[in-house]
Every structure is written in C-alpha cells, then in structure tokens.
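**Q** Below: sequence and its predicted model.
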Amino acid sequence: MKFGFLLISSLFLLFSGEPVRAQSAAALTNELIWYSGEFRTESVSGVNSMNDGLHYTSLENNNGSSEIVKYRFDNGNKVGIVATSEDIFGKGNAFKAIEDYTFSSDEGLILVATDMESIYRYSTQSNYYIYNVSTKLAKPLSDFSLGKQRLAEPSPKGDKIAFVRNNNIFVLDIRSGEERQVTHDGEMNAIINGATDWVYEEEFGFDKGFYWSPDGSKLAYYRFDESEVKEFSMAMYGELYPQDYTFKYPKAGEANSLVEIYVYDILTGSNRSVALPDKENTYVPRIKWSQSSNGLCIMALNRHQSQLKFYLTDLGGQSRGDIKVSQIYEESSETYIDINDNLYFLKDGKSFLWNSERDGYNHIWQFSLDPNSKPRQITSGSWDVIDFYGVDEKNGIVYYSSSQVSAIESHIYAKGLTKRIFRKLSSRKGHNEAVFSKTFDYYINYHSDANTPYYITMNDREGREVRAIKDNAALKATLDQYQPSPKEFFTFTNREGVALNCWMIKPQDFNPSKKYPVLVAIYGGPGHNTVVDSWEGKNYLWHQMLAQMGYVVVSCDPRGTQYRGREFKHATYQQLGKLETEDFIDFAKHLQELSFVNPDRIGMQGWSYGGYMTSLCMTKGADYYKAGIAVAPVTNWRFYDTIYTERFMRTPQENPEGYDDNSPIYHVDKLKGNYLLIHGSADDNVHYQNAMEMINALVNANKQFDLFIYPDRNHGIYGGNTRLHLYTMMTDYLKNNL
C-alpha cells in the first residue's frame, strides 16, 4: 500500500459566514486548482542518459506530436531530434503518442510503446514498435491482432526482444523476424509467466518478471501459479447489465500464489526451474543477475517477512535437472525486513552492496559472496538512506540521498567505497532528487521545498550547478497573485515523550487573538510521510484555499512513519492504528491548547491509510475531532492483502486482537461528530467491501453519517471531472460541518 502518487490530503472546517481573505490576494477555487491548468508545474520527464555520459534524451510534446530529443548534459544544447511520432508510426500519425521508449544497449534501436492501457498500479499493456535509428525505419514488434504486449525489453546484444502477451513470454529474433514462444501455460487468473500477480505488483513494487543475463544467452523469469488464490469480483457499471471484473487477490491469512523461478536458455531452448527451499511459504521479492551470466541471485523472504536469504546459482556447472543454489547472505529481524532495489554486484565478482537496517538505520553495506566474511558498512549514522543512485566503480564512489540533515528533508551525497571521500552535493534546503548520467559525470537535480515548486538544474559530479533546466518562474509568478501563506514546520511531544514532526498553514490575515477552526490533513502510515519539506502541488493549493477561507491546516507524522530509524518506524508492529491514533489524539490536545485554535472545531481528512486514521480518530478519538472525511479507507485489516498486512500484523490467525482492537468498524458506537465516507466502487486495492462493512456497522449502531460512492473509479478516484467533483464536495462538507 503505497500512496505517494495520491498526494494524500486532509480537510476540516467549520466556518460560518463569507470566507475571509487577505484583501489584495486573488481567490483560489477548486475550479482553478483541479480543472483550469492555471498551476501547471514544469518538469523534465522521460530522461535517459546516453552511453557516453555526455548526452541524454528527453520525451517531449511539440504541438501535439511526441519527440525524443537529444541534449548535451554540460550546456543543455539541443543536439537533435532522435525520432518523432511520424517517424515511428508513419505519415499522417504525427499526433499518435510515444508513451514510453527504451534504447537497445548499443543505442541502435528504440523500442517504443503506444496505445498504452493501465492494468493496475504499475502494469500496462501497449502496442510496441521497433525503430532503427540509422535507417529511420520502424516496424511493429508483433502482430497486434494477437493482443497487446507487455514489458518488452531488448537483449544486451540488441539482437532479440523479450515480451509478455496473454501471460506467456515470447522472444523475437530481430534479424530473422522469428517469434519464439517460451512458455505455453499462461492463463488469466491461473498462471502468469514473465510478469507478477496483483499483490507482488502492489506491495513489492514491480510488475516486470523476466530478466536478460548479462551476455543475453539466458532469460530468467517468474512463474506465478494463482490456482489456490481466492478471487475477488468488482461490478463495473455503464452497461444495461453490469459486468463483473474478477481477479486473484490474497487477503490476510489466505493462500498466496506459488512462485517459481525459471531460466530459459536461448541457444538450446531448455527451460529449467530453480530449486528453492520451501517454495510454498516463501516470497521471491527480487531476482537479479550477478556480473556473470551463470550467477542468478534470488531473494527469498519468509511469509512473516522477518527472514531474508540470498541464493546464487552456478549455471556453468549444471546442465540438467532443477538448478541448484547456494546461500550467500542471510538477515533476520524480530519484526520485518523492507525490500528495496539497491542490490548491486561489484565488478570484482566477489562482493555486492545492499541496504540494511541491521544497525537500526537504513544504510548501505558491502557484503562478500563468501557468507563467512565480515561485512563493511559504507554509510553510518542516526539517519536513513532514502535513495541509492548507483556506484561509480571507476572512481570508487557511491551516490545516494538521505535524511542526514532532517527527516523532513532529502539531500544528495557522494561517499567513497574505500577512500575517505564524503561530499554533500545538494546545497538548497528542502527536498532533492537526482538522475545521474551513466558515467556519473553529471546529474539532474530536482529541488523543491514546501513553499516553492521544482527548480531543476544540471550539476556536475562535485555538485556544482552547471545550468538551470526548468525554474517554474511562470508558476511562481502565478502563485504570487494568490499570496499563499507559508507552510511552517514545528514539533510537538506526545504522551510518551516522543517529538513528532508537523507543519501548519495559517490564514493569510492571521490574527493570534482570533479562534480558528483546524483541519488535520494526514496519512499516518508506513511508507509515506506528509511532513516533508517538498512541493505538494495541487494538495498544497487546496490547503491554501482552505487557509484563505479562514482555516488553519496542519499535518503530523506519527510513530510508524519513515526516515527516523528502525525503532520509530517499527513501533507499530502487530498493532497498526493503535499508537498512531494515540498520537493524533495527543496532537488534537496540543492544538486545543494553542490560543488561536477553536478547541471545538478540529477536524481530519485522509485518503487510504489516512482514511483509516480518520475513521479511528472519529471513533476512538471522538472527544477531540468534530468532523472527518475518510476517502477509500481500510476499515478492517482482515480485508486487505497478505504481503502488506502480514508484514506489519502477521496473520489474523496469529494476531486476532491486533486486527480487531484497532478496526474502526468495532468502535462506531463512539462516533459523535460529522463523518463523510467516500469510496470508488472499482477500487482493486482497498476494496469497496471496506466501505460496505463500515456502513453496516454504522447502521447497526444507529449512527448517522454521510456517504458518497464514485462508480467504476479505482483507488485514485480520478478521470474527467472526478477530482474537481471530489474536492468541491469535501470543501463544501467542511464549510457545512466543521
């Protein structure tokens, strides 16, 4: 359950009479924020470093036509247009979109995706074209009448392309045009080859399930057997007779897919299974080739996600039967182990890098392939590594971002693998992210802070700014017309003496002698912080609109959130909702003590985990919160998926009290204030079932509440005017009920 892309918000207002604004400020409206395009943010997307490390390409729109444009890193000069929509799709198709693109390893071919359809959070299917950069000729990857393709990727030699169609893997020989089918048993809601099932995609964060070996001679892939996983159905409306969409969804405590790893030999056509121990009770969250095409590394995680093992194959010494493995790494925890994408095999062929919380914080470690050797800690300190950008092995430097300055900030660093090198590359306060060139000579720095939209620069390896790419000057000028109130950061101390990070936006004409209603905007769960010194786009503007209307808007990151070390993040283990609710009750008490807060007009709004927290605070915290809006909330963890829920709670069979004691459906009798429940009927993530069970509980307790359902909308609740309608409804609800 990861909801960064939702830009979780909170709302809550009770204000009678006409809105009050600073006299000279233009008035923000939901139409301006969610519909007009008035606050469009400039960015740089589809960036790919070229092999030389001196150039990069960017996917751009030119009057409706897609273009892959090549630039120099150092001066930003446009070198040329690599390909356009018309080049790839033919004359008369200038406005057909290039939606994604991938270069072959020698950059002679480009694999282009178009007609893209979303499946779940990350997964899509498309029609792919192969474009030859030299001849400027393009052709379809496959026969489109057979169905759209997924996850297409060129081999390292650029002579073949692997892809998935209808749950089977295919390999195209580019020279001969021969399309070879690697697997034949793929079937919807039964067998998946080369891709992932729903729960792996959502909770382990990837959908691509095949990987070329370094020399292109082999293809390692996942095979999911979903036969024993129970099905979930959602009614899809819009026709005379609604259709059911049915898919496999393992709820907490129920059966998962049986996952196997296979290696396909391109030359011989052999397909062999990897002999992993205890396949029935093991997750395989990642596989990755080492520097050798004989060494495939498989990560194995037990169902409790508390024991992680790395296995390595030796394909050079095995030619028949199941592929045997040897263990090269093991890590265990009394709670759980987070999986990341930071496994990196060094070119020495003897060691690898991996992020671990083994010392209490998320740091980069170097481990030997000999499991008996002592590991080396590359980064250390009472802070967490946030992103791992890669290793410049030529110069022996690791690049990463971390919370070393503060849990609310992100900065970019360079650290020597063996040499005493340490440099903080980012200089601007706030949030910094990097996209490095392949040689690490340059990187694009995406900087913002809580009150300033993105300032995107080109920097050299020392962190020096080479040039500005996008400064969002036009957006800044537009914002000035509305005179936004600054988002101010502060901390408060909860009942356990723990300082929690918070922010506050006050009305523009703030008068400390007045009493203001307060909206607590929250998420509050693992994997997402709301208290960050970064630009939050439209949610920031919506909160500013509420401030213009006379509300104080605040947020707080309770225990269980990230970037403050393992102990803080794991504090909620086996009792999701308990400590967070205590923290939000303490937060409401803190707000009530502020001289400018109306203690009887404190409200809350949140989405997903934030909707769960809102529902708990409106019930268990009913004495402190007058109104609440819960969007797409979990109402009982028994309804949510295995991987996410059991990571934090174990199974319902093992921990029934942990599941039930903090489920809002068992506390509805405490509800006192105004409660609005919102859900999408086609939410494949947090099922509509959560809303239905909450409704039943509220009705049984004879509690009045408000409800709105968005037909056929998923967890994001978007499309057309949907976001405008949603935020208008929430704004009106706050005005009338808080």
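**A** Sure, I can see it.

**Q** neighbours around Glu334, how many?
**A** Using other CB atoms under 10 Å, Glu334 has 7 other residues around it. Every C-beta, even on glycine, is put in place using the N, C-alpha and C of the backbone.

**Q** my read: it touches Gln305, true?
**A** No. Counting by CB atoms under 8 Å, Glu334 does not reach Gln305; the two are 11.9 Å apart.

**Q** Show me where the stretch 401-550 of the chain has its helices.
**A** 473-482, 537-548 (DSSP state H, counting those that start in this stretch).

**Q** winner for burial among those helices?
**A** Among the helices of the stretch 401-550 of the chain, ranked by average contacts under mean count of other CB atoms under 10 Å, first place goes to helix 537-548 (a mean of 23).

**Q** Neighbouring strands - and their directions - for the helix or strand that it is followed by?
**A** Counting by DSSP states H and E, the next helix or strand C-terminal to helix 537-548 is strand 552-556. Next to strand 552-556 in the sheet, as set by DSSP bridges, lie strand 499-505 (antiparallel), strand 516-522 (parallel).

**Q** how about low-confidence regions in the protein?
**A** By pLDDT under 70, the weakly predicted segments of the chain are 1-23, 318.

**Q** Show me where the stretch 51-200 of the chain has its helices.
**A** Counting by DSSP H, counting those that start in this stretch, the helices of the stretch 51-200 of the chain are 85-89, 198-204.

**Q** Against which helices or strands is the shortest one packed?
**A** Applying 3 or more CB pairs under 8 Å, 6 or more residues apart in numbering; DSSP states H and E, one finds that helix 85-89 contacts strand 65-72, strand 109-118, strand 124-132, strand 137-140.

**Q** Redo those strands as CSV? Include mean neighbour count and distance to Phe39.
**A** As requested, these are exported to CSV (neighbours: other CB atoms under 10 Å; distance: least, CB to CB, whole Å):
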stretch, mean neighbour count, distance to Phe39
strand 65-72, 19, 24
strand 109-118, 18, 25
strand 124-132, 20, 27
strand 137-140, 13, 37
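
**Q** Rebuild those strands as JSON lines, extending it with distance to Met234.
**A** What follows is the helices and strands packed on helix 85-89, written out as JSON lines (distance: least, CB to CB, whole Å):
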{"stretch": "strand 65-72", "distance to Met234": "33"}
{"stretch": "strand 109-118", "distance to Met234": "15"}
{"stretch": "strand 124-132", "distance to Met234": "19"}
{"stretch": "strand 137-140", "distance to Met234": "33"}
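
**Q** Of all those strands, which one comes closest to Glu330?
**A** For Glu330, the closest of the helices and strands packed on helix 85-89 is strand 124-132, at 35.6 Å, according to CB to CB.

**Q** for the closest residue to Glu99 other than its chain neighbours, what are its contacts?
**A** With sequence-adjacent residues excluded and distances taken as CB to CB, 6 or more residues apart in numbering, Glu99 is closest to Met116, at 4.5 Å. With contacts defined as CB atoms under 8 Å, 6 or more residues apart in numbering, the neighbours of Met116 are Glu99, Asp100, Thr124, Gln125, Ser126.

**Q** Now the terminal residues of stretch 564-584, how far apart.
**A** For stretch 564-584, the first-to-last residue distance is 18 Å (CA to CA, to the nearest Å).

**Q** List the buried residues in it.
**A** Applying a neighbour-count criterion of 16 or more other CB atoms under 10 Å, one finds 564-566, 568-573, 575-584 buried in stretch 564-584.

**Q** cool, and stretch 308-321?
**A** Neighbour-count burial for stretch 308-321 [16+ other CB under 10 Å]: Leu308, Lys309, Phe310, Tyr311, Leu312, Thr313, Leu315.

**Q** distance of the fifth one from Asp322?
**A** Leu312 sits 15 Å away from Asp322, taking CB to CB, to the nearest Å as the criterion.

**Q** cool, the first one as well?
**A** Look at Leu308 and Asp322: by CB to CB, they are 22 Å apart.

**Q** Tyr733 is in contact with Phe708, isn't it?
**A** No. Applying CB under 8 Å as the test, Tyr733 and Phe708 come out as separate, 9.3 Å apart.

**Q** Now the common contact residues for those two.
**A** Leu676.

**Q** tell me the contacts of the residue of the chain most remote from its centre?
**A** No residue in the chain sits farther from the centre than Ser513, which is 42.0 Å out by CA atoms, centre = their mean. Contacts for Ser513 (CB under 8 Å, 6+ apart) come out as Ser595, Phe596.

**Q** What is the neighbour count of Asp159?
**A** Asp159: 17 surrounding residues under other CB under 10 Å.

**Q** hang on, it packs against Gly177?
**A** No. Using CB under 8 Å, Asp159 and Gly177 do not qualify as a contacting pair, with a distance of 12.0 Å.

**Q** Kindly report the domain assignment for the chain.
**A** The record's domain parsing of the chain by automatic domain parsing lists 4-40+476-737, 383-471.

**Q** about what we covered before: which of Tyr733 and Phe708 has more neighbours?
**A** Neighbours were counted for Tyr733 and for Phe708 using other CB under 10 Å; Tyr733 has more, 23 against 16.

**Q** Which residue is the nearest non-sequential neighbour of that one?
**A** Per CB to CB, 6+ apart, closest to Tyr733 is Leu676, 5.2 Å.

**Q** Which phi and psi values does that neighbour adopt?
**A** Main-chain dihedrals, Leu676, degrees, to the nearest 10: phi -110, psi 120.

**Q** doesn't Phe232 make contact with Thr246?
**A** Yes. Between Thr246 and Phe232 a contact is recorded at 7.1 Å, counting by CB under 8 Å.

**Q** The two: which is more packed in?
**A** Applying other CB under 10 Å to Thr246 and Phe232 shows that Phe232 carries more neighbours, namely 18 against 12.

**Q** and the more buried one, what helix or strand is that in?
**A** Using DSSP H and E, Phe232 falls in strand 231-236.

**Q** Alpha carbons only: can I get that strand in CSV?
**A** The C-alpha coordinates for strand 231-236 follow below in CSV (Å, rounded to 0.1, in the frame of the first residue of the first chain):
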residue,chain,number,x,y,z
GLU,A,231,-10.9,-14.5,-6.4
PHE,A,232,-12.4,-11.0,-5.8
SER,A,233,-15.0,-9.5,-8.1
MET,A,234,-16.0,-5.9,-8.7
ALA,A,235,-19.1,-4.8,-10.6
MET,A,236,-18.3,-2.5,-13.5
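
**Q** helices and strands around that strand, which ones?
**A** strand 243-248.

**Q** Strand partners (parallel or antiparallel) of the strand it packs on?
**A** strand 231-236 (antiparallel).

**Q** now the partner strand, how far from the centre of its chain.
**A** 24 Å (CA atoms, centre = their mean, to the nearest Å).

**Q** for it, which positions count as buried?
**A** Phe232, Met234.

**Q** outside of it, which residues touch it?
**A** Under CB under 8 Å, 6+ apart, the answer for strand 231-236 is 189, 242-249, 681-684, 687-688, 712.

**Q** Mind giving me the ChimeraX command for buried ones among those?
**A** This is the ChimeraX syntax for the buried subset of the contacts of strand 231-236, where burial follows 16+ other CB under 10 Å:
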select :247,248,249,681,682,683,684,687,688
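
**Q** So which of the contacts of strand 231-236 is the closest to Ala300?
**A** Checking the contacts of strand 231-236 against Ala300 by CB to CB gives Lys248 as the nearest, at 21.7 Å.

**Q** ok now do the closest one, which residues does it touch?
**A** Asn189, Asp197, Trp198, Glu226, Val229, Lys230, Glu231, Phe232, Ser257.

**Q** hmm, try it at 6 Å
**A** By CB atoms under 6 Å, 6 or more residues apart in numbering, the contact set of Lys248 is Asn189, Glu226, Val229, Glu231.

**Q** so how far is Arg495 from it?
**A** 43 Å.

**Q** Check Val284 too.
**A** Taken as CB to CB, the span from Val284 to Arg495 is 41 Å.

**Q** Asn655 too?
**A** For Asn655, the distance to Arg495 - CB to CB - is 24 Å.
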